[in-house]
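Q: Sequence first, then the predicted structure, then my questions.
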2 protein chains.
Amino acid sequence: MSAAGAKRRGPRRDGVQAKEAILAAAREQFAEQGFEGATMRAIAAAAGVDVALVSYYFGSKSGLFVESLRLPVNPAVAIDTLLAEGTEDLGRRLLTRILQVWDEPATGAPLVSMLRSVSSQPDLMRGFLETELISRLERAIGGPDAELRAAAVVTQALGLIFARYVLRVEPVASAAPEELVALIGPTLQRYLDGV
Amino acid sequence: MSAAGAKRRGPRRDGVQAKEAILAAAREQFAEQGFEGATMRAIAAAAGVDVALVSYYFGSKSGLFVESLRLPVNPAVAIDTLLAEGTEDLGRRLLTRILQVWDEPATGAPLVSMLRSVSSQPDLMRGFLETELISRLERAIGGPDAELRAAAVVTQALGLIFARYVLRVEPVASAAPEELVALIGPTLQRYLDGV
DNA sequence: GTCTATATATGGATAGAC
DNA sequence: GTCTATCCATATATAGAC
């Protein structure tokens, strides 16, 4: 039926849904290559679809990543939302939001299981942190050493999350969110401000 | 107790070295029960030796832990050494020491591989962090919320270590130690001081 | 009810006998 | 090198005071 040369258009007839095929290919590519190493073109090719379809279904590479891991929230989008509300008091607001998402079982549980498996897939998280979180924060805060300061924010948040939700170290694990915000929020703010 | 009443003394005659037997038992117990859950009495019993021998060979539970994981340094001892030099500028000194140990391949490599496997053994690290690091820092700094502030120090250090040595996130992974000390040292100091 | 005191158990560390 | 005995710190339980 399909003409030789040009790709055919219209719905696939092999019974495989394109969206599912892309997700399957993405999981494989992300696992093998890490977030940065995997390319949308390679994923599309492996799924047997056109690259444009990936953007059509998932909006962005980070959106595809989030859905491929079945994560409940997209950290990149969450950061953009916070930044859109201005940079004032960003440290506390950022931390408050982080604790909200991770404390809520419905959203936190998948994140914890994702983080648990990170040690075996360091490339995956490194790429995501670098290109989706650190560079986003860097652009927003500016100033000298913006990249290093943005990365410092990530180290503090990562360490808190790891201690509270994965290791469950006391008294961090059962501290009230407000206590943690009061103690650690200013740290994030200091990194953001560049003191 | 042995059936005859008193335990026998003198060297073992079963050819198994007591030290090795203790190490083997310790690895098993630590893995199953975590650091806090494992008891020196249980380890000694499993090894078929008296409890006192464990202290004799390894000095302390944390010493046994360190040797059972073949770690190059004992963090608890390292902290005590730093504290013995006073609490002045402790944040920077602590961070400087951490970076020295982890940056040096001979000492850092075993630590990294240990940290990689932590996700599958959260009890192990939780117990060690709580009873060997956080409580030590807590006693040294005192003041209100000393325990939470000590724990905050651990979250920042842990996040930095995880980002720099396990995930190798840039620009944290290739930043100069002095840069990191200048940026993050004050954070540790703030937690220690209680602001 | 909450708070304090004392009892009891557990577990780590040390000194000294053998 | 190995074991006995003991000490000390911590955690849990119970009883009585207020």
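A: Here it is on my side, so go on. Being a predicted model, the structure only gives us computed values, none of them experimental.

Q: For the residue in chain A that DNA strand C sits nearest to, give me phi and psi.
A: Nearest to DNA strand C in chain A, going by Cβ to the nearest atom of the strand, is A:Glu170, at a distance of 17.3 Å. All C-beta spots, glycine's among them, are computed from the backbone N, C-alpha and C. With angles defined as degrees, to the nearest 10, A:Glu170 sits at phi -90, psi 150.

Q: Pull the contacting residues for the closest residue in space to it that isn't next to it in sequence.
A: Spatially, and ignoring its direct neighbours in sequence, A:Glu170 is nearest to B:Glu130 (5.9 Å; Cβ to Cβ, 6 or more residues apart in numbering or on different chains). B:Glu130 makes contact with A:169-170, B:36, according to Cβ atoms under 8 Å, 6 or more residues apart in numbering or on different chains.

Q: Can you name the residue of chain A nearest DNA strand D?
A: A:Glu170 (9.9 Å).

Q: Look at that residue and say how many residues are nearby.
A: 17 (other Cβ atoms under 10 Å in any protein chain shown).

Q: Could you check the pLDDT of it?
A: You'll see A:Glu170 listed with a pLDDT of 93.

Q: which regions of chain A sit below the pLDDT cut-off?
A: A:1-16 (pLDDT under 70).

Q: Just list the residues touching the residue nearest to the spatial centre of chain A, thanks.
A: In chain A, the centroid-proximal residue (Cα atoms, centre = their mean) is A:Pro75; its distance is 4.6 Å. The contact partners of A:Pro75, taken as Cβ under 8 Å, 6+ apart, are A:132-133.

Q: 6 Å instead, please
A: For A:Pro75, the contact set (Cβ atoms under 6 Å, 6 or more residues apart in numbering or on different chains) is empty.

Q: Quickly note the distance from it to B:Asp193.
A: Distance of A:Pro75 to B:Asp193, computed by Cβ to Cβ, to the nearest Å: 31 Å.

Q: For the contacts of B:Glu130, give me TSV that also has distance to B:Gly86.
A: Shown next, in TSV, are the contacts of B:Glu130 (distance: Cβ to Cβ, whole Å):
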residue	distance to B:Gly86
A:Val169	27
A:Glu170	28
B:Glu36	30
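
Q: which bits of chain A sit near chain B?
A: Residues of chain A lying near chain B by Cβ under 6 Å from any Cβ of the partner chain: A:116, A:119, A:122, A:125-126, A:129-130, A:147-148, A:151-152, A:155-156, A:158-160, A:163, A:167, A:169-172, A:183, A:187.

Q: can we see that at 7 Å?
A: A:116, A:119, A:122, A:125-126, A:129-130, A:147-149, A:151-152, A:154-156, A:158-160, A:162-163, A:166-172, A:175, A:179, A:183-184, A:187 (Cβ under 7 Å from any Cβ of the partner chain).

Q: Make a PyMOL selection of whichever of those turn out to be buried.
A: Selection command for PyMOL covering only the buried members of the residues of chain A next to chain B, criterion 16 or more other Cβ atoms under 10 Å in any protein chain shown:
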select buried, chain A and resi 116+119+122+125+126+129+130+147+148+149+151+152+154+155+156+158+159+160+162+163+166+167+169+170+171+172+175+183+184+187
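
Q: Closest residue of chain A to chain B?
A: Closest to chain B within chain A is A:Gly159: 2.3 Å, counting by Cβ to the nearest Cβ.

Q: Packing partners of the host helix or strand of that residue?
A: Assigning secondary structure by DSSP states H and E places A:Gly159 in helix A:146-161. Judged by 3 or more Cβ pairs under 7 Å, 6 or more residues apart in numbering or on different chains; DSSP states H and E, helix A:146-161 is in contact with helix A:135-141, helix A:177-193, helix B:146-161, helix B:177-193.
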